[in-house]
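J.: Provided below for reference: sequence and predicted model.
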Amino acid sequence: MDQTDELILAELSKNSRITMKELGGKVHLTGQAAASRVAKLEDAGVIEGYSIKVNSSKLGYRIHAFITIFTNSHHHQPLFSFLEAQERFILNNYKIIGDGCYLLECRFPSKEHVDEFLNGLSEHANYKISMVIKSH
């Protein structure tokens, strides 16, 4: 991977819908050369896929929270089943070391949904919740 590949990744990270002609212009390549580089990055597994950014607030999910989970036992399947059933609220689920066992990034439409989620979660593990006030 060279500097041009890094520039390509930076541009695709900003806008993955950019045309190869536009991408090539931004990284000083032809559109065909840019497309070839992107294909090589995909084949090498550097680019794993493309995604969209969704405005959760516009979908009614106004509460953004991070929940650190502290498990009580080594048998996590009941917790995983609960989380799977609640996947509409979970943006990311990370297994971590340090303060806690798992870190959830969640979005909820209301305080009532947060309360219901936490009541269910407390049947499987202890937790600590942090709510986002403002993001930059």
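T.: Thanks, I have the structure now. Residues are numbered from 1 along each chain as shown.

J.: surely residue 131 meets residue 63?
T.: Yes - between residue 131 and residue 63 there is a contact under C-beta atoms under 8 Å: 6.6 Å. Using the backbone N, CA and C atoms, a C-beta is placed for each residue, glycine as well.

J.: Between these two, tell me which one has more neighbours.
T.: Of the pair residue 131 and residue 63, residue 63 is the one with more neighbours under other C-beta atoms under 10 Å, namely 17 against 13.

J.: Excluding chain neighbours, give the residue nearest to the more buried one in space.
T.: residue 108 (4.2 Å; C-beta to C-beta, 6 or more residues apart in numbering).

J.: what's the answer for residue 96, then?
T.: Using C-beta to C-beta, 6+ apart and skipping the chain neighbours, the partner closest in space to residue 96 is residue 103 (5.1 Å).

J.: Please parse the protein into its domains.
T.: Per automatic domain parsing, the structural domains of the chain span 3-43, 56-131.

J.: can you put these in a markdown table and add distance to residue 50 and mean pLDDT?
T.: Shown next, in a markdown table, are those (distance: least, C-beta to C-beta, whole Å; pLDDT from 0 to 100):
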| stretch | distance to residue 50 | mean pLDDT |
| --- | --- | --- |
| domain 3-43 | 4 | 96 |
| domain 56-131 | 18 | 95 |
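
J.: Give me the neighbour count for residue 82.
T.: Other residues near residue 82 come to 15 when the count uses other C-beta under 10 Å.

J.: what are the phi and psi angles of it?
T.: Note on residue 82: its backbone torsions stand at phi -60, psi -50 [degrees, to the nearest 10].

J.: How about the secondary structure of residue 50?
T.: coil (DSSP: H, G, I helix; E, B strand; the rest coil).

J.: Show me what the lengthiest strand in the chain is packed against.
T.: Criterion DSSP state E: the longest strand present in the chain is strand 63-71. Contacts defined by 3 or more C-beta pairs under 8 Å, 6 or more residues apart in numbering; DSSP states H and E place strand 63-71 against strand 102-108, helix 111-121, strand 125-131.

J.: This completes my enquiry, with thanks.
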